[in-house]
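[1] build me a structure from this.
(chains A and B)
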Protein chains: 2
Amino acid sequence: MALPSTAALAARHARIRESLETLSLEALIVTPPANIRYLSNFAGSAGILVLTRDAVHLLIDFRYHEALRELQASPSACPGLRMWEVPASYEEALIGCLADIGVTPVGFEAAHVTVARYEWWRETIAGRQLDITWRSTERIVEQARMVKDAAEIAILREAAARLGQVLPPVLAAVRPGVSERSVAAVIESSMREAGYERIAFDTIVASGPHSAMPHYRAGTRSLAAGDLVVLDFGGVLDGYCCDLTRTVSIGPPSREVRRVYDAVRDAHAAAVAAVRPGIDASAVDAAARDVLRDRGLGEAFGHGTGHGLGLDVHEEPRIGRPRADLPPVTLAPGMVFTIEPGAYLPGFGGVRIEDDVLVTESGVELLTSLPRELMTC
Amino acid sequence: MALPSTAALAARHARIRESLETLSLEALIVTPPANIRYLSNFAGSAGILVLTRDAVHLLIDFRYHEALRELQASPSACPGLRMWEVPASYEEALIGCLADIGVTPVGFEAAHVTVARYEWWRETIAGRQLDITWRSTERIVEQARMVKDAAEIAILREAAARLGQVLPPVLAAVRPGVSERSVAAVIESSMREAGYERIAFDTIVASGPHSAMPHYRAGTRSLAAGDLVVLDFGGVLDGYCCDLTRTVSIGPPSREVRRVYDAVRDAHAAAVAAVRPGIDASAVDAAARDVLRDRGLGEAFGHGTGHGLGLDVHEEPRIGRPRADLPPVTLAPGMVFTIEPGAYLPGFGGVRIEDDVLVTESGVELLTSLPRELMTC
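    Take a look at the predicted model:
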C-alpha cells in the first residue's frame, strides 16, 4: 500500500487550519506520534510538529533525518514542511522554534501534554520574556482522525482483509496440550507472513479459566479438552491497525457453552445491524447490551462494545454506554471501529467475538469477514 | 520466574512513604501502568493507584477483577490493598475514592498526568467543594525504580540470559534474498520459544542503506551481499525488558566496514569498562563517544549511549551527554541499563552493538554475554 499522498495531507492540514481559525489560534503544537504521522506521514517515535496557518514545522533529531529525507523525496511528501534540527532537548528546540517563527496565541493538546511539560514551557517562555500566549485545545486532531479519508480506508480495508490469511494456520495450531504462548507465537508469525509490519497490541490467547478475563494475554497454560479459547489479535499495515477476536471450543462444546456463545454472536449481529450514519455511537453499544441482558448475561458483559481503529488501536469513536464526562459521538461515513461484545463467567469461561466495521453512506461495511460460528478444534 | 513477593512490595511502599513524609504529602496518585505494577504486582493496562501512609488503594474496572483476585491469593499479594470498583469513569472513581478516604494534601505525578486530566480533577474537586489540596511531584516512583531490588535483578538476569537462545536461529535466518520482515518473524517466534511473554519493542532489522537509520524497523527489502544488517530486539519476561543489538555482514566485510565496526566495538568496550558506582551516568556516554570521535566517527554517533531497563524498555537512568534541563544521575549498585553505541553513515550503512549491564558494588556485570565480534552470514 502507498502512504497517503501529498494532496491527502494538504486536505488534512486545511481541516485543522479551519479549527485554528475558529479558535483564533495562530499555531497548534502536536506531540503524539500518531497525530504527527497523520499530519506529515513522518512515522518516527519522537518529534514535535507545529502547524501554523502556512507551514508545518517538524522538529526531529538526528536519528530521523535520513527517513525524513526519503519521505520528502516521495509522492507522499508533507506539503509546506520545514524541518528543525533537535540537537539535544526537544523542549529547548520547541521554544527556539516558537521564538523564531513568532506566532501567538499557540494552542497545545491538553490531552497529550503533561503538567510537567506545560509548566516547563510556561516558565521558560516567561523567563526569556517571549511574547507567546498558550491556549489549551481539545481533540482537534482526534476529531479529524475519527473520519477516515479514502487513503486511510483503503489501507484499513487491506489490513483487515489480510486477517483472512492469518486465521487458518492459527486454528490449525489450537490443539489440546499446546501452550497459550505457542499459539500466540503462531499468530504473530502468521501476521508477519501476511505482511503486517508489527503486531497492533499484545496478542491474547486466553484458555479455560483465563478466557473469563477479558484482558488476559497469553501464558504457559496448556489448552485442554473442554476449554473455551479466546484468540484476540491484530496487525499494523502501513501504520493502520486491525483487530479480530474469535473464540473456539476444544472438543465438543457443552450445552451451556453453546448458549453463551450464541448469545454473544447474536449481540454482535445486533450491534452490526444497528450501525448507520446519524445515530449516536452508544446506540450500537445498547443493541449488543440489550441482547446479552435479555439472555441473562448483562452482568457478564462488563466492557464497552467497541473502539475506533486507525493509527492507534484504541481511538475515537468509543462505542460504549453514554458517559456524563465524555461528549457523545454521532456516527458518520468513514468512521472505522470494532464491534466486540463478550460474556465472561468466572470459573466457567468467556466468549468474545470481534470484527472491524466501516460506517458507509448507507449503513455498514464489515472489514473482517471470517466465519463467526463456534468452531471446534 | 516468580513475581516479587509481598515483602518486596512492602519494602517499595516504605521507600515511597519516606518520600511522602519528606514532602509532607498524605497520598500519592499513581497512574502509569508500570508504576502501578511496581507498587502492586497488578499488571493491567488500566487502573489508578493511590498510595497513602497506611494503605494501597487500587481502582480497577470489571475486566481486571478476576486477575486481581488471583494475585491477592498468591505469595505476591499486594500488602495493604483495598480495591475500588470503577463502574464507568476512572476519573469519577478517583474523586470518589479521595473524598471517601479524606486525605490531603495529595501528590500527583506531573510527568504522567495531562493538563486536561489535571484541570478536570481540579474543577471537579472545586465544584463539589471537597477539601483536597493538590501538589505536583516529580520522579518519586521513577527514582525508586531506577535501583532494582533482588527480585527484579533475578528476573532481569534471566530475561537477558534467554537472548542466548534467540540469537542462533536468527543468525541462521540471515541470508541474501531473505526479507527484513522474514528475519523479524524469526526473531519474534524465537523470542516466544524462549518464553518471553511479548516483545519489548518493535523489532529492528535494518539492512544495507536502512542500517544507517537508527530507528528504522523492518520492511520488505531483501538482504543482499555486501549489506550490513542491524538486528535490534528484546523480550519481556515477567514484566521486565531486555534489549540486544548485533550487526552482521552479508558476505565478507570491506575494509571500511571492518574499520567502522571495530570503532563501535571499542566504544562499547570502553563504555562497559567505565561503569562503576559513584560516577555520573554521562561519564559512561563520554567513554564511548571519545572513542568514536578519535576514529573520526563523532558525527556518525547521534544518539545517547544507553537507557535504563526495567518494567519499561526506556526508563531511568539515561546514559547520555549531560543536559541542562535534566538532573544528573550518579550510578549506584542495582541500576540496569543498555550500552549501545553506534555509527551511522548515510549511503554507506550503520553499525550498533548493544548489551545490558548491571551496576554492582565493585563495577559492572554484563547481563547479555553473546559474542561481539563481527559475524559474517
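[2] next up, phi/psi of the residue of the stretch 251-377 of chain A found nearest chain B, please.
    At 3.1 Å from chain B, A:Gly302 is the closest residue in the stretch 251-377 of chain A, using Cβ to the nearest Cβ. Any C-beta I mention is one placed from the backbone N, CA and C, and that applies to glycine too. According to degrees, to the nearest 10, the main-chain angles of A:Gly302 amount to phi -100, psi 0.
[3] surely it and B:Glu66 touch.
    No: the criterion here is Cβ atoms under 8 Å, and A:Gly302 misses it with B:Glu66 at 10.4 Å.
[4] near chain B, which residues of the stretch 51-200 of chain A?
    Proximity of the stretch 51-200 of chain A to chain B, by Cβ under 8 Å from any Cβ of the partner chain, involves residues A:61-64, A:66-67, A:88-89, A:91-92, A:108, A:110-120, A:136, A:138, A:181-182, A:184-185, A:188-189, A:192-193, A:195, A:197-199.
[5] run a quick neighbour tally on the nearest residue to the residue of the stretch 251-377 of chain A closest to chain B once chain neighbours are set aside.
    Once flanking residues are discounted, A:Gly302 sits nearest to B:Phe62: 3.1 Å by Cβ to Cβ, 6 or more residues apart in numbering or on different chains. Counted with other Cβ atoms under 10 Å in any protein chain shown, the neighbours of B:Phe62 add up to 16.
[6] equivalent analysis for A:Ala343, please.
    Neighbours around A:Ala343, by other Cβ under 10 Å: 27.
[7] helix/strand/coil for it?
    strand (DSSP: H, G, I helix; E, B strand; the rest coil).
[8] who touches it in this structure?
    Contacts for A:Ala343 were tallied using Cβ atoms under 8 Å, 6 or more residues apart in numbering or on different chains; they are A:260, A:263-264, A:292, A:297, A:300-301, A:350-352.
[9] could you find the closest non-adjacent residue to it?
    A:Ala300 (4.1 Å).
[10] thought that neighbour was touching A:Pro346?
    No: under the criterion of Cβ under 8 Å, A:Ala300 makes no contact with A:Pro346, lying 9.2 Å away.
[11] who's more crowded, these two?
    Between A:Ala300 and A:Pro346, A:Ala300 has the larger neighbour count (other Cβ under 10 Å), namely 22 against 13.
[12] what does the pLDDT read for the more buried one?
    A:Ala300 carries a pLDDT value of 95.
[13] I'd assumed it was in a strand, is it?
    No: read with three-state DSSP, A:Ala300 is coil and lies in no strand.
[14] and the gap between it and B:Phe62?
    10 Å (Cβ to Cβ, to the nearest Å).
[15] mind checking the SS state of the spatially most central residue of chain A?
    Chain A has A:Val313 as the residue nearest its centroid, 2.2 Å off, counting by Cα atoms, centre = their mean. Three-state call for A:Val313 (three-state DSSP): coil.
[16] now do the contacts for it.
    A:200-201, A:234, A:241, A:243, A:307.
[17] with A:Asp355 instead?
    Applying Cβ under 8 Å, 6+ apart, the residues near A:Asp355 are A:244, A:268, A:272, A:338-340, A:366-369, A:372.
[18] go again using 6 Å as the cut-off
    Applying Cβ atoms under 6 Å, 6 or more residues apart in numbering or on different chains, we find A:Asp355 in contact with A:339, A:366, A:368.
[19] going by neighbour count, which of these comes out on top?
    Going by other Cβ under 10 Å, A:Ile339 tops the contacts of A:Asp355 with 28 neighbours.
[20] for that one, name its beta-bridge partners.
    When bridges are called by DSSP bridges, A:Ile339 pairs up with A:Asp355.
[21] let me see the contact set for it.
    Counting by Cβ under 6 Å, 6+ apart, A:Ile339 has contacts A:271-272, A:306, A:355, A:357.
[22] cool, A:Tyr240 as well?
    Per Cβ under 6 Å, 6+ apart, neighbours of A:Tyr240: A:155-156, A:159.
[23] one more: A:Ala212?
    A:344-346, A:349-350, B:66.
[24] ok, and what's touching stretch A:146-156?
    So stretch A:146-156 is contacted by A:1, A:4, A:8, A:238, A:240, A:316-317, A:332, A:334, A:336 (Cβ under 6 Å, 6+ apart).
[25] do the same with stretch A:107-126
    By Cβ under 6 Å, 6+ apart, stretch A:107-126 touches A:25, A:28-29, A:31-32, A:91, A:95, A:132, A:135-138, B:110-111, B:113-116, B:118, B:136.
[26] try 7 Å this time
    Residues from elsewhere that reach stretch A:107-126 (Cβ atoms under 7 Å, 6 or more residues apart in numbering or on different chains): A:23, A:25, A:27-32, A:91, A:95, A:132, A:134-139, B:110-116, B:118-119, B:136, B:138.
[27] let me know the secondary structure of the closest residue to A:Leu130 other than its chain neighbours.
    Among residues not flanking A:Leu130 along the chain, A:Ala99 sits closest, at 5.4 Å (Cβ to Cβ, 6+ apart). Assigned with three-state DSSP, A:Ala99 falls in the helix class.
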